[in-house]
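> Sequence first, predicted model second:
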Amino acid sequence: MPIEDVATAPPWHRLPPAEAALRLDADADRGLDEVEAEARLARFGANRLKPAAGRTLAARIAGQFRDVLVLVLVAAAAVSFAIGEALDAGVIMAVVVANAAIGLVQEGRAERALAAIGHMLSAEARVVRDGRERIVAAETLVPGDLVAVEAGDRIPADLRLVETVRFSTEEAALTGESAPVAKDIAPAAEGAIVSDRHSMAHAGTFAVTGRARGLVVATGSATEIGRISRMIETVEALDTPLFRKLLVFGRWLTAIVLAATALLFLVGWLGGTMPPAEMFMAAVGLAVAAIPEGLPAIVTVGLAIGVERMAARGAIIRRMPAIEALGAVTVIATDKTGTLTVNEMTTERIVTASDRIAIGGIGYAPVGELTAERGDSDSQEVAALIRAAALCNDASLDESDGRYAALGDPVDAALITLALKSGLDPEALRRDHRREDQVPFDPAARIMIVALREPSGMRRVTVKGAPERLLALADRERVGGADRPIRREAWFDALDDMAAKGLRILALAERIDGGPEPGETDLGLERGGFVFLGLAGMRDPERAESAAAVAAARRAGIRVVMITGDHAATARAVALRVGLPADAKVIEGTTLDGLGREDFARAAAGADVVARATPEVKLRLVEALQAQGEVVAMTGDGVNDAPALKRADVGIAMGAKGTEVARQAAAMVITDDDFSTIVGAVRAGRVVTDNLIKSILYILPTNGAEAIGLIAAVLVGFDLPMTALQLLWINLVTESLLSLALAFDPAEPNVMRRPPRDPKAPLVTPLLLWRILFVSALMGAASTGLFLWERAQGADLAVARTVAVNALVAAEIAYLFNARHPAGSSLHAEAFLGNRLALLGAAVLIGVQVAFTVWPPLQALFGTAALDGRQMLTIAAVAVAVFFVAEAEKAVLRRLMPFGG
């Protein structure tokens, strides 16, 4: 079959090796010749991933000026400049440029995930061409090349294996599961997912044991890792709930501001209440007054505070809006391995012929007691079992700063930890029992064999592997210091009991003989005569805090969905141990993969556990939940998780054991890979969101009060109570300084005992709108009323405007303490003393306003004048009145209805 037909071939994993070679027009013994390899390289291109195209700096800068509120301010600056008010125009444009700079600095999240994937492809490869093996640059591999790999190599391309010798690979980057996967050349099922394709070795994964040869069936973007790369490129990252609401709010506010400005100008012009030039400035003033210029900076600073607080808890935020999205999360879809569990295999139980021993401790740290049910945990039969586990073993532990890591197979490492807990020294054992020969773990035979020379000169042959296999090889069992005929039924009962607990089970046996016999293979395995020593049960244990964290999430109204590569039965057992419902609904990823959109959506709505999940299923799960109105946080650590991490409202990557690709695709990285850190981040996100809502609730009444004064001036025909520059001073200096204090407010007591905010609810609910309008009218009446009073008393225009500005700022200070508790009473000490930054901000602002009022340079810039004692006392009295009237309004609302946040 010509190579051009490769694209139409059936899935490579289900083809026999000979047919795969035929379809590739390749030789599975001699490989391609150099001429053909060069021709195919020209035809198929280099074995590398296509880099993603990023946005240019110019495009990113232009993006900062697309917000309609920003465009209104630009227009206001242009009008001011056209009528000769260059100072006003300059200040307004300075505000616009400052906000754009903030946005540009914070945006910096480019699509670096694809670049990170590129580094996962091997730099070199061993290829057979013209019958000779050589080292070539991996990017020169082509479909049909014959590639050789061995333990420790990174797989350079997608290979259809044609020869294996005890070969296994670690595919965590693609599948999320760290356990080695046994490989062979037999065809796999046509519908097999990546983790079940035992006849394939995929680019970006690692060879763990043995060696193999395989034909290249895909290179570059055509590989499995390339397919995921394309998925990342096409996945659209969503804005967070608050930012979507801010966008809608901004559009509405812009429409209202433009309509009100145009109407105000027409009314003033047609009514003849003001000259045209002054009318223009009134319109500009209204635009400046109604637009909360400080809001983008407040949102940015509030999120930045959240970044700092969460970093201290081990949650690193890569994209600031994710903080707010965390506060709105309704579903957490979490990986099991390493997040709910410790990702460290742990021996929990051993069984001998006469006893069952529980093993204390979690993970690779050799800390924990051995507790026997009946006899002595130091008995000879227990010692024999643990000694065999340490000797038939190639792993070791690496200790650094009190933390232990596995060097070698995780299962072997768990047995080394067991030996250390029992008081044995594995290294000393290995020195005393010199290894003469071995048969490495064979995935097909499911056993490992070592031959050891005893100090006495006898040979000890130790076997470790599948219990059924070893029970067939053994004819005796160890009891105390003696052996007796094996009782297989009792061992099968013990196996059933351990399997019901969700344990992974290994058996150990040994034989003492004089040495190898002539023609012996596999260290004389076929001779039998083994003594069965016992069983070791192990698993990746749940983190101690996982169950409490899951319970906390569920109390907060957040649904937890566990995603795992385990089979359904194992997944259910883990789900129950971490606190998911007893009737948890478990769905296999292969089942979901075959469902249409509507059926998939129904299944996703009810799933508590998704087992055997593929990258496509994870991505579809996120999209289905989002389509149902959920705000989804998705955790992951592998390349296979990257598309779903990017699509999720909050993608959460593992920092300790995750891949760089996952970290680049995610919005947040947790340094300890712990589910409880995620729940803590959700709490922090809720606090940040609460405080941002408080800030918005605080800022908008000030803008409303300013607008009321301007509209009243135009309609009635009196002088503008404040100039455009004075309005900018209030919005950018006084208002922003005080609202920043709210960003530091502590958490409300019920922050994790209430459901998430409804993502469909508007940013400004009816009750919030009422509060904004009420306080706007209250502060507008106070400041404009004082302005008119001063003018009626014969005060100069500059003095009257200075009184109006200071009255509004004083009212802002008073209202700050109302806003700290939007629904509850502020008539208690905590409202004033619970946030020291609020007190500090108020004190600083009083000093700033004194300078604004009496310092000549600021007087010249803003057109202000000094005030007398009577005027200052009147301003203070107005501020106190605003505080108590606002408290009275809250009290009335509490009686009439519950306040919506």
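Received it, and whenever you're ready, just let me know what you need.
> okay, CA-based contacts and neighbour counts for the rest of this
Will do.
> what ranges do the strands span in the stretch 1-150 of the chain?
Taking DSSP state E, counting those that start in this stretch as the criterion, the stretch 1-150 of the chain contains strands spanning 124-129, 132-137, 146-150.
> Give the rounded mean pLDDT of the last one.
Right, strand 146-150. Averaged across strand 146-150, pLDDT comes to 95.
> That one pairs with which strands, and in what direction?
When pairs are called by DSSP bridges, strand 146-150 turns out to pair with strand 124-129 (antiparallel), strand 206-218 (antiparallel).
> Quick one: name whatever helix or strand follows the longest one.
Meaning strand 206-218. Per DSSP states H and E, the first helix or strand lying C-terminal to strand 206-218 is helix 224-234.
> Let me see the mean pLDDT of stretch 555-562.
Taken as a whole, stretch 555-562 has a mean pLDDT of 96.
> May I have that stretch exported as CSV, CA atoms only?
What follows is stretch 555-562 as a C-alpha-only set of coordinates in CSV (Å, rounded to 0.1, in the frame of the first residue of the first chain):
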residue,chain,number,x,y,z
ARG,A,555,-21.3,22.7,52.6
ALA,A,556,-20.5,25.8,50.4
GLY,A,557,-22.8,24.5,47.8
ILE,A,558,-20.1,23.3,45.4
ARG,A,559,-20.4,20.0,43.6
VAL,A,560,-17.3,17.9,43.5
VAL,A,561,-16.7,15.6,40.5
MET,A,562,-13.8,13.2,40.7
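> Got the domain ranges for this protein?
The record's domain parsing of the chain by automatic domain parsing lists 3-51+115-234, 244-292+686-896, 310-341+544-681, 351-539.
> for those domains, which one ends up most surrounded?
Among those, ranked by average contacts under mean count of other CA atoms under 10 Å, first place goes to domain 310-341+544-681 (a mean of 22).
> Distance from that one to the middle of the chain?
Relative to its parent chain, domain 310-341+544-681 has a centroid offset of 9 Å by CA atoms, centre = their mean, to the nearest Å.
> mind checking the end-to-end distance for that domain?
End-to-end distance of domain 310-341+544-681 (CA to CA, to the nearest Å): 6 Å.
> which stretch among the strands of the stretch 1-150 of the chain comes nearest A218?
Nearest of those to A218, taken as CA to CA: strand 146-150 at 12.1 Å.
> by how many degrees do that closest one and strand 132-137 diverge?
Angle of strand 146-150 versus strand 132-137, following axes from the mean of the first three to the mean of the last three CA atoms, to 10 degrees, is 80 degrees.
> How about residues contacting strand 146-150?
By CA atoms under 8 Å, 6 or more residues apart in numbering, the residues outside strand 146-150 that reach it are 27-32, 125-129, 155, 159, 167, 207-216.
> Reformat the domains of the chain as a markdown table; add distance to A78.
Putting these into a markdown table (distance: least, CA to CA, whole Å) gives the following:
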| stretch | distance to A78 |
| --- | --- |
| domain 3-51+115-234 | 40 |
| domain 244-292+686-896 | 10 |
| domain 310-341+544-681 | 32 |
| domain 351-539 | 63 |
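> Would you mind confirming that L619 makes contact with P643?
Yes - counting by CA atoms under 8 Å, P643 is a contact partner of L619 at 6.3 Å.
> Find residues that contact each of these two.
Joint contacts of L619 and P643 (CA under 8 Å, 6+ apart) do not exist.
> quick one, strands of the stretch 351-500 of the chain?
Under the criterion DSSP E, counting those that start in this stretch, the stretch 351-500 of the chain contains strands at 356-359, 370-372, 396-400, 403-407, 434-442, 447-453, 459-465, 474-479, 482-485.
> Including mean pLDDT and distance to A843, could these go into TSV?
TSV is the format used below for these (pLDDT from 0 to 100; distance: least, CA to CA, whole Å):
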stretch	mean pLDDT	distance to A843
strand 356-359	96	61
strand 370-372	94	63
strand 396-400	89	50
strand 403-407	88	49
strand 434-442	85	73
strand 447-453	92	75
strand 459-465	95	73
strand 474-479	96	81
strand 482-485	95	85
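> do you know which of these lies nearest M872?
Of all those, it is strand 403-407 that lies closest to M872, at 64.4 Å by CA to CA.
> which residues touch that closest one?
Contacting residues not belonging to strand 403-407 are listed as 364-365, 395-399, 413 [CA under 8 Å, 6+ apart].
> partner strands of that strand, parallel or antiparallel?
Applying DSSP bridges, strand 403-407 is found paired with strand 396-400 (antiparallel).
> now the strand it pairs with, how far from the chain's geometric center?
29 Å.
> that older thread, save the strands of the stretch 1-150 of the chain as CSV, and put in distance to A879 too.
Shown next, in CSV, are the strands of the stretch 1-150 of the chain (distance: least, CA to CA, whole Å):
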stretch, distance to A879
strand 124-129, 74
strand 132-137, 75
strand 146-150, 78
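> For the stretch 51-200 of the chain, just list every one of the helices.
Counting by DSSP state H, counting those that start in this stretch, one finds helices in the stretch 51-200 of the chain at the ranges 57-63, 68-82, 86-107, 113-118, 172-175.
> All set now, cheers.
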